[in-house]
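Enquirer: what shape does this take:
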Amino acid sequence: MTRVVIADDHPLFRSALKLALGDCVDAAEVLEAENLDRTRALLAGSDGIDLLLLDLHMPGSNGLTGLVGIRCEFPEVAVVVISANEHPGVIRRALDHGAAGFIPKSSGLEVLTEAINAVLDCRTWVPPHLHRSVAAMDAGDDGLSGRMSLLTPQQFRVLQMVADGQLNKQIADRLGIQERTVKAHMSEIFAKLEVRNRTQAGVAFRHLELLDPNTIHE
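Expert: Below is the predicted model:
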C-alpha cells in the first residue's frame, strides 16, 4: 500500500489531490494535514510514508523553510512541492533543496495525476512548459542548499530559533537541553553554513523565505 500525506490548508485542493491519487494508485492510504506541525506529527508517527505533497505557504511554513526542515528530519520521504507561485526560480530552488517535483496550484486533475505518477515512478516532475526555463535558472543561493542539507534536524531547529531572535538560554529552555549544548550546535551550524556569527546564520535562514520573484536571480 502506498502511504501519502497531503499537507495543505485548503480543503478543496486536498480533495483534488485525493482524486488524482485515486487515479494513480490502486491502494493508497491518504493522510491529511492543514499545517506544518500536523505534517511533522504524521510523518513522525506513521511508518512507511512514501510521499508528501507539501504546500509551500501553509501555516507554519514560510517559503522553503518547511521543505528544508522536513528534508532534514525525514530524508527518506519523497516531497513534492505545491505552490501558486510558478516562477522558474522558485521551482529551481525547491528542487535544489530536495523536492522531488513541483506542482502549480493552477494544475488541473489530469496534470496532477501525471505529476504524481511521475514522482511515484521515481522521476522528477516539473510543469513541461517550464522545463527549459527552470533548467536555465540560476537560483542565486551560492551553494546554500548543499550547506543546509548538512544540518541535523536539531541543528535546523536551533537555526530557526536563532533567526527568530531567540537567545541561547531561550532555545535551551524550549528544546529541553542545556545551554552548552545549544552553543555546541551553534558552532556546528556556523561551520556547516560557512558563516561567522548569529547574524549571518539568521540571514542564511531568512534566505529560504525569500520567494518573491523580484528577489530571485535570473
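Enquirer: look at Glu218 and report its pLDDT.
Expert: At Glu218, the model reports a pLDDT of 36.
Enquirer: over to Gly176?
Expert: At Gly176, pLDDT is 96.
Enquirer: how about Gly98?
Expert: Here, the pLDDT recorded for Gly98 equals 92.
Enquirer: now do Pro104 against Phe13, distance only.
Expert: The gap separating Pro104 from Phe13 is 11 Å, by Cβ to Cβ, to the nearest Å. In short, each C-beta sits where N, CA and C put it, glycine included.
Enquirer: joint contacts of those two?
Expert: Contact criterion Cβ atoms under 8 Å, 6 or more residues apart in numbering; residues bridging Pro104 and Phe13 by contacting each: Ile82.
Enquirer: report the secondary structure state of Met103.
Expert: That one is not Met; residue 103 is Ile. strand (DSSP: H, G, I helix; E, B strand; the rest coil).
Enquirer: so what's the residue count around Pro153?
Expert: 15 (other Cβ atoms under 10 Å).
Enquirer: contacting residues for it?
Expert: Contacts for Pro153 (Cβ under 8 Å, 6+ apart) come out as Gly69, Cys72, Glu73.
Enquirer: just Leu51 next, same as before
Expert: Thr2, Arg3, Val4, Val5, Val77, Ala78, Val79, Val80, Ile116, Val119, Leu120.
Enquirer: mind redoing it with 7 Å?
Expert: Contact analysis of Leu51 by Cβ atoms under 7 Å, 6 or more residues apart in numbering lists Val4, Ala78, Val80, Val119, Leu120.
Enquirer: ok but Gln160 is inside a helix, no?
Expert: Yes. Under three-state DSSP, Gln160 falls within a helix.
Enquirer: any idea how far it is from Glu76?
Expert: The value you get for Gln160 to Glu76, if Cβ to Cβ is used, is 22 Å.
Enquirer: find the centremost residue of this protein, please.
Expert: Nearest to the mean C-alpha position of the chain, counting by Cα atoms, centre = their mean, stands Leu67 at 0.8 Å.
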